[in-house]
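S.K.: Give me the fold of what follows.
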Amino acid sequence: MVGLRRAFLEFGSADAMNMGAGSDFTFGNVAISQLLPPDVPSPVVWGPDEGVIVSSTGDLGITFGFIRPTAGGQPFPFFTVWRRAMQNDQWLYVAE
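M.R.: All right, here's what the predicted structure looks like:
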């Protein structure tokens, strides 16, 4: 398991976009990761607990479910769009 900053950097595409908490989108995995605190234990736990859908061509997918704060609080929904250029490539997020 890695911290949020590292996860957003490692698993994001250079052209990814993130809706974040601000009034505008942030673009690029590097810029998105810089919005997060240095790698410390994640304040949230999440996974595709509601679903995963992948295109028939295997190059585009979506995961969705709930983000759960580790210190309590109400879960809130999320979705992430993933892409890979070739079937053996790593999945990278492109929108969240």
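
S.K.: Can you report how many residues lie near residue 45?
M.R.: For residue 45, the neighbour count with other CB atoms under 10 Å is 13. Heads up, the C-betas are built off the backbone N, CA and C, glycines and all.

S.K.: Which residue lies closest in space to it, excluding its sequence neighbours?
M.R.: Using CB to CB, 6 or more residues apart in numbering and skipping the chain neighbours, the partner closest in space to residue 45 is residue 68 (5.0 Å).

S.K.: try residue 46
M.R.: Closest to residue 46 by CB to CB, 6+ apart is residue 67, at 4.2 Å.

S.K.: check contacts around the one you found.
M.R.: 44-46, 75-78 (CB atoms under 8 Å, 6 or more residues apart in numbering).

S.K.: What residues sit buried inside the host helix or strand of it?
M.R.: Assigned by DSSP states H and E, residue 67 falls within strand 60-69. In terms of neighbour count (16 or more other CB atoms under 10 Å), strand 60-69 has its buried residues at 61, 63, 65-67.

S.K.: Tell me which strands the following helix or strand past that strand pairs with, and in which orientation.
M.R.: Next along the chain after strand 60-69, taking DSSP H and E as the criterion, comes strand 76-83. If you go by DSSP bridges, strand 76-83 pairs up with strand 60-69 (antiparallel), strand 92-95 (antiparallel).

S.K.: follow-up on the earlier one: closest to residue 16 out of the contacts of residue 67?
M.R.: residue 78 (14.4 Å; CB to CB).

S.K.: who does the closest one bridge with?
M.R.: Applying DSSP bridges, one finds that residue 78 bridges with residue 65.

S.K.: cool, the one 4 residues further on as well?
M.R.: Assessed by DSSP bridges, residue 82 has beta-bridge partners residue 61, residue 93.
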